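**Q** Quick one, fold the following:
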Amino acid sequence: MSRIVSAARRLRAGIVAAVFLYAIDLPTAFAQQAATEQLPPVEVTRPDDQNRTRARAIGDGDTTRRRAPSGAPAGNGAGSSGSGGEAVASNGGIVGAATTVITAADIAHAPSQTLAEIIATQVPGAQITTLYGGQIGAKTSVDLRGFGASATANSLVLINGRRLNDIDIAQVDLSTVPLNSIERIEITRGNAGAVLYGDNAVGGVINIVTKNGVGGPPVAARIEAGFGSFDTRLGNVSTSLNSGPWSTSFYGNAVKTDGYRDNNRLLQENGVGNLNYTTSGLTAFVTVTGDNQELRLPGGRTVDPSIGVDELATNRRGTSTPFNYANQQGFSATAGFTKTLANGIDLIVDGGVRDKKQQGAFFSGPAPVPALFTSTYVDADLTTWSITPRLSVKGLLLGMPSQLLTGLDYYDASFQQNRGAGRGLAPWHNYDLRQQTVAGYFQHALGVAPATDVSYGARVQNVSLSARDHFDAAAPFNTDIGALPLRSDETQYALHLGAEHRLNDMVSLFGRAARAFRTPDVDERVSSGPSFDPFFNPLPQTFRLKTQTSQDVEGGLRIKGGGLQLQSSLYLMDLANEIHFNPVLFYNTNLDPTRRYGSETSLSYRVNDSLLLRSGMAYTRAVFREGVWAGNDVPLVSRYTASAGVTWNIWQNYVVLDATARFWSERRMDNDQAGAQRPIPANGTIDLKLSGQYERYFWSLSINNVLNALYYDYAIASTFTDGRFSAYPLPGRTYLLKAGASF
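**A** Residues are numbered from 1 along each chain as shown. Coordinates of the predicted model:
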């Protein structure tokens with residue numbers, strides 16, 4: 001059982017890192033309502049704008065005022081931090097793709113304080129897996145298009161177009177991004193973003209566009225403090241300065257909470273600082289980020305009917321691992337510029353470095369004492385350098401509106417990890433891996449007719465990897481053997497073809513086909529086995545895994561008219577060599593071919609200036625299509641999900657009510673590919689928030705899980721005992737009260 005729990009931890013462990021910057025400039029050209037009343041629009045470019053391709057599902061009321069007016073030089077820096085003139089649209093503008101935009105106003109109105117839950121209530125089909133709960137949602141993963149335990153490796157997360165996914169298995173922890181720093185979030189579902197962004201963009205791309213203060217008042221500041229359940233204390237601060245072409249801003253937050261479970265304490269601090277230079281023909285930026293997280297790990301609650309154990313019922317908030325923890329520290333610095341070379345031609349050059357450190361201690365026994373088979377200490381350091389030059393060309397091609405983006409991506413990542421029985425003891429393994437990636441790509445969007453746009457693109461990417469295990473057989477409590485060294489060199493490619501046709505001013509049809517890939521991360525390689533023979537004698541690891549590939553098609557429609565907005569799509573995705581941890585053999589393998597298919601629909605309706613209604617629903621199937629499990633569901637994927645919400649401005653912004661509801665059907669437990677165990681039950685939550693503002697002062701009271709549902713959305717089934725599993729229970733009803741002021 002300890003190995004099963006350890007496998008679950010490994011699949012969920014993670015911290016943020018940054019590798020890569022890129023975004024596309026697809027501007028809006030019509031004014032919208034104030035941000036507090038804005039819905040994510042379906043189309044925001046003018047039909048008569050002959051210098052841009054159209055049908056871009058992007059934009060929001062808050063950013064419209066910051067974008068360049070029609071005819072302004074490209075790359076004028078009106079976009080967000082670190083992305084020059086391209087940031088105003090990013091990959092949300094990919095022709096033929098299903099896209100959702102979450103604005104700063106949507107985030108401010110959301111009853112939930114976790115970014116993952118906000119995405120789950122706004123994006124149809126998005127599912128989340130939460131191990132620790134609480135108002136911050138540390139280590140909560142977002143699953144786009146049904147990848148279950150491998151969701152974090154198949155969803156690409158960006159900050160201002162720059163990659164956060166690392167070459168290790170550590171997930172992108174969305175809780176480390178200050179909510180007050182976010183201008184909008186652009187979610188493109190499916191693998192349409194693989195040409196532009198490369199690896200990991202299989203289930204979808206989440207691009208978080210941050211504020212930078214450009215175009216604001218000379219001096220602005222905002223402070224906020226709050227407290228809530230489980231002795232939660234938090235504080236947020238933001239400030240910006242503007243003087244001539246120069247601007248600077250800072251966004252930070254800090255939170256401390258005891259958490260819902262025993263040994264569930266969290267201490268977290270995050271900060272983002274920007275310096276920007278903005279002129280009509282040149283923009284430049286420097287962005288520095290830092291984060292620190294100290295998280296205690298309560299582990300799972302065991303249920304085993306064969307011996308009469310049900311810790312979910314008898315001690316839901318308890319822990320069997322009172323001394324386990326995972327700490328992380330991150331730092332990044334990025335810099336770049338956008339230079340207008342000629343009318344419609346921009347050169348964008350940027351690069352950066354990200355350093356991430358993490359330490360974790362795991363004890364299967366009741367005491368924090370290193371011992372044979374029952375303790376592990378991990379100390380890892382990952383440093384990634386990158387440079388991503390690109391050229392944006394916008395204008396007319398044979399009389400048709402044209403936009404071409406082409407560029408090069410270079411990443412150089414070094415990973416070291418020591419793994420032993422305890423802190424201060426000589427490690428058994430000292431893994432040393434270096435991965436270099438070089439890619440070239442282009443994507444071209446063309447308005448072939450007044451009502452029809454097409455887009456096509458390709459990426460070629462080479463990955464060179466060297467991996468070695470400096471093994472110490474004499475290290476204390478060692479029962480393992482060293483891994484075999486590996487040198488590999490592989491070239492992969494991604495393709496995209498999309499189209500969109502506007503039937504009239506209200507209705508448009510879209511569709512696309514694409515190919516994407518995912519290379520194995522370093523943690524999957526260091527546990528790529530075989531690690532035991534049939535008699536449980538250890539065997540050397542090989543670092544060898546095949547690259548996962550996917551091909552998908554998608555089609556749908558968008559409707560926008562009056563206060564109504566609707567987007568609906570159908571998709572089919574076939575995958576080969578999907579990477580999966582096998583807890584029976586205790587190593588990672590490539591699965592038999594799998595398939596994802598389903599439908600996603602989002603609907604919103606503004607009744608009047610004071611009342612907004614929205615809903616979403618999705619059908620998601622993830623199945624094995626060959627092999628011994630053919631026809632079975634991939635674990636940790638709910639077939640049916642739905643959400644609903646309302647924003648009601650009761651009294652002139654003095655009192656505003658927001659409510660959201662989220663429902664999900666049952667899902668198979670992790671490690672239950674055979675479908676033999678009972679599933680994780682279906683459930684749902686309702687969240688409420690009352691908020692208000694008077695002059696510069698504001699307040700909010702959030703009550704989450706109002707009906708006090710006692711649920712869990714992650715559990716791992718026992719390999720050896722039928723009916724036995726370990727679940728991670730989540731909080732019942734909680735509250736959070738916040739107040740602040742702006743200056």
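
**Q** tell me the contacts of the residue nearest in space to the middle of the chain?
**A** Most central in the chain under Cα atoms, centre = their mean is residue 157, positioned 4.2 Å from the mean C-alpha point. Applying Cβ atoms under 8 Å, 6 or more residues apart in numbering to residue 157 gives the contacts 163, 164, 165, 172, 174, 205, 206, 208. Glycine gets a C-beta too; all of them are placed from N, C-alpha and C.

**Q** try 6 Å this time
**A** For residue 157, the contacting residues are 164, 172, 206, by Cβ atoms under 6 Å, 6 or more residues apart in numbering.

**Q** which one among those gets closest to residue 386?
**A** Closest approach between those and residue 386, by Cβ to Cβ: residue 164, at 11.9 Å.

**Q** where are the low-confidence patches of this structure?
**A** The chain contains residues with pLDDT under 70 at 1-92, 134-135, 169-171, 522-523, 526-543, 581-587.

**Q** Doesn't the residue nearest to the centre of the chain lie inside a strand?
**A** Yes - under DSSP: H, G, I helix; E, B strand; the rest coil, residue 157 falls within a strand.

**Q** Quickly list what it is bridged to.
**A** As for beta bridges, residue 157 partners with residue 206 under DSSP bridges.

**Q** Between the contacts of residue 157, identify the one with the most neighbours.
**A** With neighbours taken as other Cβ atoms under 10 Å, the top of the contacts of residue 157 is residue 206, carrying 30 neighbours.

**Q** From residue 387, how far out is that one?
**A** With distances taken as Cβ to Cβ, to the nearest Å, residue 206 is found 23 Å from residue 387.

**Q** Residue 291 too?
**A** According to Cβ to Cβ, residue 291 and residue 387 sit 23 Å apart.

**Q** In terms of packing, which of the two has more residues around it?
**A** More crowded of residue 291 and residue 387, by other Cβ under 10 Å: residue 291, with 23 against 16.

**Q** Please tell me I have it right and that one contacts residue 330.
**A** Yes - judged on Cβ atoms under 6 Å, residue 291 makes contact with residue 330 at a distance of 4.5 Å.

**Q** Report how many residues lie close to residue 309.
**A** 14.

**Q** give me every residue that touches it.
**A** So, once contact is read as Cβ under 6 Å, 6+ apart, residue 309 ends up touching residue 302.

**Q** Quick one: distance of the helix or strand containing residue 222 to the chain centre.
**A** Using DSSP states H and E, residue 222 falls within strand 219-228. Remark: strand 219-228 is offset 25 Å from the chain centroid, using Cα atoms, centre = their mean, to the nearest Å.

**Q** try stretch 196-212
**A** With Cα atoms, centre = their mean, you get 8 Å for stretch 196-212.

**Q** So what touches it?
**A** The contact list for stretch 196-212, computed with Cβ under 6 Å, 6+ apart, reads 80-81, 90-91, 144-145, 147, 154-160, 165, 181-189, 191, 193-194, 249, 274, 276, 439, 443, 461, 516, 518-519, 550.

**Q** With stretch 293-304 instead?
**A** 5, 138, 261-268, 309-312, 319-321, 324-328, 724-729.

**Q** Quickly list what the nearest residue to residue 282 once chain neighbours are set aside is bridged to.
**A** Nearest residue to residue 282, sequence neighbours excluded (Cβ to Cβ, 6 or more residues apart in numbering): residue 339, at 5.4 Å. On the basis of DSSP bridges, residue 339 is bridged to residue 282, residue 347.

**Q** so residue 339 touches residue 281, yeah?
**A** No - in this structure, residue 339 is not within contact of residue 281 by Cβ under 6 Å, at 7.0 Å.

**Q** what are the pairing partners of whichever helix or strand comes after the strand holding residue 222, and which direction each?
**A** Downstream of strand 219-228, the first helix or strand assigned by DSSP H and E is strand 232-243. Next to strand 232-243 in the sheet, as set by DSSP bridges, lie strand 219-228 (antiparallel), strand 246-257 (antiparallel).
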